Structure formats: structure tokens, C-alpha cells
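following is a predicted model, sequence given first.
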Amino acid sequence: MNDLLLIDDDPEIGELLTSYLQGEGFVLDSVYRGEVGIKAAEKKSYELILLDVMLPDMSGFNVLSALRTNSNVPVVMLTGRGEEIDRVVGLEMGADDYIAKPFPLRELLARIRAVLRRYEGGHAEGPSIKMHMKKNIEFGNVVINRNTRVLQVDNEPVHLTSTEYDLIEQLAINMGAVVERNALMEGALGRGVEFDDYVLNVHMSNLRKKLGEQVSIKTIRGRGYLLAASGRASVS
């Protein structure tokens, strides 16, 4: 079963989600204060964290910032309905996705499964892993290790969230070719074409900031994105 952590000051939401998610194969631990949530995440390895923006002792954004200092655990932010600025800030700070309150339980479940599916897809373990080793992608001063899901620039690792890594990997696999927005939405974000692609825009902006001039991610208006880089690309 997947272990999840909920950081939300509403005990009723904790009880509701604990009961619902247990029936879907998840174990949910609930805490009601940000500082407690940070310590809980340090003590136990969770597969995903549900994080409310509004907490009694500190902002959910501060909790997210603390989590991201040493962990790329997937984080889904719980925001207020219509609070677009919360979604912008959360995604820019490294959240993988967001969902606005009040939310249908089935939609939250779909978001959780989509994020976990992407994240776990790159962290296979066990004796059979040698049969599925993926080749590194190298271009310019950039190396993408597809087995450890680590991107390095000039031999220095760049801290990426699981979602950001999925995006750059998909673009790198298709180096020099346009990757349609719908393909990125479905393959890297786990969202269907019916979703607003706003999340994709923010994640792509984050990638550009982190990778700087070493990597050129071009927007192809009306279609999608193209990864271009100086030097010759290779797979090793």
C-alpha cells in the first residue's frame, strides 16, 4: 500500500480522506500543523504529500520550501477555489500539481494516481531492473541519467521535481522535434486533453529558469515545445 501524508488543519477532511483512500489501497497519515508535517516527512518516507496552503502555524508555501530543500517527494497542493495566485506560487516553488477545494474525491484520487504513476515509473527496484536499464541522454554539458532520474549540468546535479524531470526527459527523447502539448499533458503530467494546460506552462517556465542557457526549450506556437541544445546529442 502507498503511504501518503496529509498536512491540513481540518480534522474532518483528514477523517474523510483516510476512509476514502484506504478503500483505494492507500494509507494516509494526517497532521494539522505545518511544522509537524515537516518533521513527519523527515522521519518517514512518503510516496506523496497532500499539502494545504492555509495552515494555522505557517504558510503551506513555507512547508513546501522546507520539503524541497532535501526531497523531491511528489506534492499536491490543496488551494482555495478561485485562488489562482496560490496555484502559481505553489507550482513555481516545486509542487507537482494542485487541486482546488472543495474537490470531488474521485478527482483527487485521479490526481494522486497520475502523479504516483509518473514518479514510480522512474524508480523501479528489484532484481529485474538490469533488464530495463535505460541509456543516458547527453547533449552539450548536460547528462540525463534515465535510471536515477538525475540531470547534471557540468557534472553538477540540478534539483528537479519529478514532474520537471518527466518533462525534460520527454523533450530530450524527442530532441530537435516538436512535442505536442497534448502529448506532454498526458505523458508527463498525467492529465487528459480536457484539462487546462496552465500547469504545463508553469512547469515549463520553472525548467527554463533552472536549466538556464545550457538548454533551449522553444515554444512552437499552437503546437507544443521543442528542445534544442548546442552541440551534438548522443545516447550512451
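Sure thing, it's come through.

tell me what the helix or strand encompassing Ala100 is packed against?
Using DSSP states H and E, Ala100 falls within strand 97-101. Using 3 or more Cβ pairs under 8 Å, 6 or more residues apart in numbering; DSSP states H and E as the contact test, the elements touching strand 97-101 are strand 75-80, helix 84-92, helix 105-121. For the C-beta atoms, the positions are set from N, CA and C on the backbone; glycine is no exception.

and with 10 Å instead?
Applying 3 or more Cβ pairs under 10 Å, 6 or more residues apart in numbering; DSSP states H and E, one finds that strand 97-101 makes contact with strand 48-52, strand 75-80, helix 84-92, helix 105-121, helix 198-211.

return the member of the ones you listed having the minimum mean pLDDT.
Per-stretch mean pLDDT for those is lowest at helix 84-92 (a mean of 81).

now the angle from that one to strand 97-101?
Counting by axes from the mean of the first three to the mean of the last three Cα atoms, to 10 degrees, helix 84-92 lies at 160 degrees to strand 97-101.

what lies in contact with helix 84-92?
Helix 84-92 is contacted by residues 51, 53-54, 59-61, 64, 75-80, 83, 95-100, 161, 163, 198-203, 205-206, 209 when judged by Cβ atoms under 10 Å, 6 or more residues apart in numbering.

which of the residues you listed count as buried?
When those are checked for burial by 16 or more other Cβ atoms under 10 Å, the buried set is 51, 53, 60-61, 64, 75-79, 83, 95-100, 161, 163, 199-200, 202-203, 206.

how about the secondary structure of the closest residue in space to Tyr32 that isn't next to it in sequence?
In this structure, Tyr32 finds its nearest non-sequential neighbour in Asp9, 4.9 Å apart by Cβ to Cβ, 6 or more residues apart in numbering. Three-state call for Asp9 (DSSP: H, G, I helix; E, B strand; the rest coil): coil.

before I go, just wanted to say thanks for your time.
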